[in-house]
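A.B. asks: Coordinates for the following, if possible.
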Amino acid sequence: MSELPNFPSEALLQASLEVALAPVVGPVILAVSGGRDSMVLLQAMARWAPERIAAVATFDHGTGQHATDAASLVAAESRRLGLTVVRERSRTPGQSEAAWRAARWDFLGRIGRAYKAPVATAHTRDDQLETVVMRLLRGAGARGLAALAAPSSVVRPWLGVSRAELARWAVLEQVAYLEDPMNVSRAFLRGRVRHELLPALETATPGFSNQILAMAEQAASWRRDVERHVEALGVAVAPTGAATGVRASCPVAALEATTREGRAVLWPAICARAGVTLDAKGTRELVKFTTTSRCGSRVLVSGGSVVLRRRAAFGEAPGERFEVRRAVPERSVHGVRLWSGGSEALPLRFGRFRWRRLLTAPSSGRLDDQDLWTMGLPRGEPVTLRVWTAGDRIRSAGAPAGRRVTRYFSEAHVPALDRSSWPVVLVDNELAWVPGVCRALAAPSRPGRPALIWYRCEPEFD
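C.D. replies: Modelled structure (predicted):
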């Protein structure tokens, strides 16, 4: 990842763009913050590859006037260049680098999915160096030390280009940008690494930066080899999407035939297919789980995600499979936490569930207590849909004084991983129905009652 020496700035940037875009099919989403590196990316793409720009995406973190001004600059410059721009402002400003990064990537991911295009960022050679050093300080292994050079769907044209080279081109082309005050701050680790640690290490050991970048490139090459091996194992990713719980599965026999050391390498790569980042403890647990588990057993790993051992489903090769299921935070259920409205107009979808209005009441004369997916709601009453929370209680026929919904989940064999996105229905602010699980004692769900609107809830897990 070394720079090309004595290479004219314009030729270097144009060549870097061509190399980065060559394997990409179709246009990309440009992630532009308003800072110098990303504004150079905007100008370079608009000059040399305008047909490869699906849209420009800019995110205002809501941290102050600078963030708003930077987003406004991106929007104005993008429109001047005749480009589509998507702008969004955070409603809940984060307080850490991790929170800002998570919010920004959530936004970019949504825009990328909407346009069916990969995201292109302006990360530079210097960003890679800082990231690798930060990961070294945190004790990362070979997988983590690949950092920004790891195999990824993200396009990074400037990863082999230094900030100094971009700064030179920005001056020559009079590129408009806003300098982020955080770039000179020591408040966060990246700033201290950039301004204090790296200069000191380079002074003490000339060539230190190049050595670190070479090591990172070796780690990235190793990761590419691992990914090819994972492909050969027959790892499959369920086409459910990130918001509905990504699942990745692998034949049990393939991992059982691997050495203990091999499993320690393969499990993090397999889990990554489901968006799960394993820590050292989780890796050790899965290495052990590979040979000690039985069909139906499961183990919790990072962030509440779970790995289970199951029989092959219809359409899969015979045998048992390990399945990785990523935990789905409440906020990521299609961006919906709460819906309120009249009983006449429930949404067609809420999270992973469909709501279908029935034309008539059940014909049996009374509801089948085994069919807890159907219920009548009183016409004109206020209805609220939200996801289950741990303290929810419901007054049912078996527990008129109230009982925790979590106990009904257990009786209905609803996996713990699914509960955080499971809907509950409140009628006039009282919990009346947990679809497929239980109904309240006073739930207005008896045929023959006037003015009932009947709904059937249908889960869409797979």
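A.B. asks: Which strands or helices does the longest helix anywhere in the chain pack on?
C.D. replies: If each helix of the chain is counted by residues according to DSSP state H, the longest one is helix 208-233. The helices and strands touching helix 208-233, judged by 3 or more Cβ pairs under 8 Å, 6 or more residues apart in numbering; DSSP states H and E, are helix 125-137, helix 142-145, helix 198-204, helix 260-272. C-beta: built from backbone N, CA, C; applies to glycine.
A.B. asks: Please identify the buried residues of it?
C.D. replies: Of the residues in helix 208-233, those scored as buried under the neighbour-count criterion (16 or more other Cβ atoms under 10 Å) are 208-209, 212-213, 216-217, 219-220, 222-223, 226-227, 230, 233.
A.B. asks: coming back round to it: could you dump the helices and strands packed on helix 208-233 into CSV with distance to residue 172 added?
C.D. replies: Conversion of those to CSV gives the following (distance: least, Cβ to Cβ, whole Å):
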stretch, distance to residue 172
helix 125-137, 19
helix 142-145, 35
helix 198-204, 26
helix 260-272, 40
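A.B. asks: Quick one: these as JSON lines, columns for mean neighbour count too.
C.D. replies: Output for the helices and strands packed on helix 208-233, formatted as JSON lines (neighbours: other Cβ atoms under 10 Å):
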{"stretch": "helix 125-137", "mean neighbour count": "20"}
{"stretch": "helix 142-145", "mean neighbour count": "20"}
{"stretch": "helix 198-204", "mean neighbour count": "13"}
{"stretch": "helix 260-272", "mean neighbour count": "19"}
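A.B. asks: Report the helix or strand with the lowest average pLDDT across this structure.
C.D. replies: The least trusted helix or strand in the chain, going by mean pLDDT, DSSP states H and E, turns out to be strand 338-342, with a mean of 77.
A.B. asks: for the helix or strand following that strand, what is the average pLDDT?
C.D. replies: Beyond strand 338-342 on the C-terminal side, the first helix or strand identified by DSSP states H and E is strand 349-350. If you average the pLDDT over strand 349-350, you get 86.
A.B. asks: Give the buried residues for the following helix or strand past strand 349-350.
C.D. replies: Past strand 349-350, heading to the C-terminal end, the next element that is a helix or strand (DSSP H and E) is strand 353-357. If you call a residue buried by 16+ other Cβ under 10 Å, then strand 353-357 has these buried ones: 353, 355.
A.B. asks: tilt between strand 353-357 and strand 338-342?
C.D. replies: 10 degrees (axes from the mean of the first three to the mean of the last three Cα atoms, to 10 degrees).
A.B. asks: in the stretch 51-200 of the chain, which spans are strands?
C.D. replies: Read by DSSP state E, counting those that start in this stretch, the stretch 51-200 of the chain holds these strands, from start to end of the chain: 53-60, 85-89, 119-120.
A.B. asks: now for the ones you listed, which one comes closest to residue 272?
C.D. replies: Using Cβ to Cβ as the criterion, the shortest distance between residue 272 and the strands of the stretch 51-200 of the chain is 17.6 Å, found for strand 119-120.
A.B. asks: how far does that closest one sit from the chain's center?
C.D. replies: 15 Å (Cα atoms, centre = their mean, to the nearest Å).
A.B. asks: picking that back up, which one of the strands of the stretch 51-200 of the chain lies nearest to residue 40?
C.D. replies: Checked against Cβ to Cβ, the stretch from those lying closest is strand 119-120, at 12.5 Å.
A.B. asks: what about that closest one, average pLDDT?
C.D. replies: Per-residue scores along strand 119-120 average to 98.
A.B. asks: Could you list every helix and strand that it packs against?
C.D. replies: Identification of packing neighbours for strand 119-120 by 3+ Cβ pairs under 8 Å, 6+ apart yields strand 28-31, helix 97-115.
A.B. asks: go again using 10 Å as the cut-off
C.D. replies: Strand 119-120 sits against helix 9-21, strand 28-31, helix 36-48, strand 53-60, helix 97-115, with contacts defined as 3 or more Cβ pairs under 10 Å, 6 or more residues apart in numbering; DSSP states H and E.
A.B. asks: closest to residue 13 among the buried residues of helix 208-233?
C.D. replies: The nearest one, if we look at these relative to residue 13 and count by Cβ to Cβ, is residue 213, at 19.1 Å.
A.B. asks: how far away is the closest one from residue 220?
C.D. replies: Noted for residue 213: a distance of 10 Å to residue 220, by Cβ to Cβ, to the nearest Å.
A.B. asks: Residue 170 too?
C.D. replies: Counting by Cβ to Cβ, the separation of residue 170 from residue 220 is 28 Å.
A.B. asks: cool, residue 65 as well?
C.D. replies: Relative to residue 220, residue 65 is positioned 38 Å away (Cβ to Cβ).
A.B. asks: Could you do residue 269 as well?
C.D. replies: Residue 269 sits 13 Å away from residue 220, going by Cβ to Cβ.
A.B. asks: Identify the contacts common to those two.
C.D. replies: Between them, residue 269 and residue 220 share these contacting residues under Cβ atoms under 10 Å, 6 or more residues apart in numbering: 143, 151.
A.B. asks: Work out the gap between stretch 99-115 and the centre of the chain.
C.D. replies: Stretch 99-115 sits 8 Å away from the centroid of its parent chain (Cα atoms, centre = their mean).
A.B. asks: list the buried ones in it?
C.D. replies: Counting neighbours by 16+ other Cβ under 10 Å, stretch 99-115 gives 100, 103, 104, 105, 106, 107, 108, 110, 111, 112, 115 as buried.
A.B. asks: Would you format these as TSV with pLDDT and distance to residue 453 included?
C.D. replies: Conversion of the buried residues of stretch 99-115 to TSV gives the following (pLDDT from 0 to 100; distance: Cβ to Cβ, whole Å):
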residue	pLDDT	distance to residue 453
100	83	44
103	86	38
104	91	42
105	90	40
106	87	35
107	91	37
108	94	40
110	91	33
111	94	37
112	94	38
115	94	38
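A.B. asks: which one among those residues gets closest to residue 36?
C.D. replies: In terms of Cβ to Cβ, no member of the buried residues of stretch 99-115 lies closer to residue 36 than residue 104, at 17.5 Å.
A.B. asks: most neighbours per residue, which of the helices and strands packed on strand 119-120?
C.D. replies: When you average the neighbours per residue for each of those (mean count of other Cβ atoms under 10 Å), strand 28-31 leads with a mean of 26.
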